[in-house]
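>>> A structural model of the following input is requested.
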Amino acid sequence: MRAVTDDALVTAHAARRPNGDLAVLLLNKDPDNSHAVSLAYAGYAAASGAPTVYSYLNGASSVSTAQAGTASSQTLPPYSLSVVLLHPAGAVAGPPGAPGQPSAAAVTDTSATVSWPAATAGSHAIAKYEVYRHIGANSEQLGEGPQTSFTVRNLRSGTRYTVNVLARDTAGAVSWASPPLTFSTVAPATSTCAVRFTNVNDWGSGYVASVDIINNSQNPIDGWTLTFTWPTGWQQFNGGWNGDWVANGNTVTVTSPAGNGKLAGGGGSANVGFVGGYNGPNIAPSVFTLNGTVCSAA
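Next up, the predicted model:
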């Protein structure tokens, strides 16, 4: 399978997917000018209509998606990387194609709405989509339906979830899985405890953090343990104060010092601090657990 362009400053590569779709990678090497290119395909007839185009522009922070151009004509922005997703003309035999890359929106402490681009039907019409969560080597179905989005409920606060989506047709045939999506639920809006995290001083590979622990309940606390998990694998704990600190893998725990663990009811607080290091994205921890209770953000 080949895709051929008539522009010397544009390179094209094509890969055919199991469901018959064709993904065409286009690179505009001109840093200053857009290029309108004509495309031709050896051994492939594309369906009519505007294809889906995924574009990464120079200086952009994310990939943009749009229905643009045609299978035979595209306009490429300066110094850009684009993927044109084409569907074959005519019916495709076999199971449905895999759903597209899912995304998460409206993420709260207990729910999230997962959406995805529709799969391409094979020999039979698509009957439904099934959403699965992955837990190590195991998986569990979170829900299903005919629509291309699903709101997952009854999630745990401050928990990392990895999901993907399958398409099932009216004959029972199942597609390949979509690419995985990983998201994390957030801290609850209200709780009997609250935590205020402050990055006091950051020097590019490490920082000093101040953490205020607040007892929002009316009952005093005598002895506390605060726990959080690093959001990425590039972060580490390098020492702390005002508590007994323990780091175990990506989990960090600080326990009140002996004889100094009282938090008065109705807003009593304590302050701890630590030095963190990182060699990649430094995303601040956002979910803290105090004596087993997930705290809100102060």
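>>> okay, now the domains of the chain?
Split into domains by automatic domain parsing, the chain comes to 2-86, 103-184, 193-297.
>>> to Pro95, which of these lies closest?
Of all these, domain 103-184 sits nearest to Pro95, with 3.9 Å by Cβ to Cβ. Where you see a C-beta, it was placed from the backbone N, CA and C, and this is true even at glycine.
>>> so for the closest one, mean pLDDT?
Regarding domain 103-184, the rounded mean pLDDT is 94.
>>> start and end of that domain, how far apart?
Using Cα to Cα, to the nearest Å, one end of domain 103-184 lies 12 Å from the other.
>>> ok, Pro117 touching Gln101?
Yes: with contact defined as Cβ atoms under 8 Å, Pro117 reaches Gln101; the gap is 7.1 Å.
>>> for Asp222, see how far away the residue lying farthest from the centre of the chain is.
Going by Cα atoms, centre = their mean, the residue of the chain most distant from its centre is Gly259, 42.8 Å out. Computed as Cβ to Cβ, to the nearest Å, the Gly259 to Asp222 distance reads 10 Å.
>>> then Gly277?
According to Cβ to Cβ, Gly277 stands 33 Å off from Asp222.
>>> can you read off the backbone torsions of Val83?
For Val83, the backbone dihedrals are phi -120, psi 120 (criterion: degrees, to the nearest 10).
>>> so what's it up against?
Contacts for Val83 (Cβ atoms under 8 Å, 6 or more residues apart in numbering) come out as Ala23, Val24, Leu25, Leu26, Val53, Tyr54, Ser55.
>>> so what's it closest to, chain neighbours aside?
Residue nearest to Val83 in three dimensions, not counting chain neighbours: Tyr54, with 4.5 Å by Cβ to Cβ, 6 or more residues apart in numbering.
>>> I'd assumed Gln67 was in contact with the one you found.
No: counting by Cβ under 8 Å, Tyr54 does not reach Gln67; the two are 11.2 Å apart.
>>> these two - which one has more neighbours?
Just comparing Tyr54 and Gln67: by other Cβ atoms under 10 Å the higher neighbour count belongs to Tyr54, 17 against 9.
>>> for the more buried one, what are its contacts?
Counting by Cβ under 8 Å, 6+ apart, Tyr54 has contacts Val63, Ser64, Thr65, Ser82, Val83, Leu85.
>>> hang on, the earlier thing: the residue farthest from the centre of the chain and Gly223: what is the separation?
10 Å.
>>> one more: Ser115?
Look at Ser115 and Gly223: by Cβ to Cβ, they are 44 Å apart.
>>> the two: who's more crowded?
A count of neighbours by other Cβ under 10 Å puts Ser115 above the other of Ser115 and Gly223, at 18 against 13.
>>> now for the domains of the chain, which one comes closest to Pro96?
With distances scored as Cβ to Cβ, the stretch of these nearest to Pro96 is domain 103-184 (4.3 Å).
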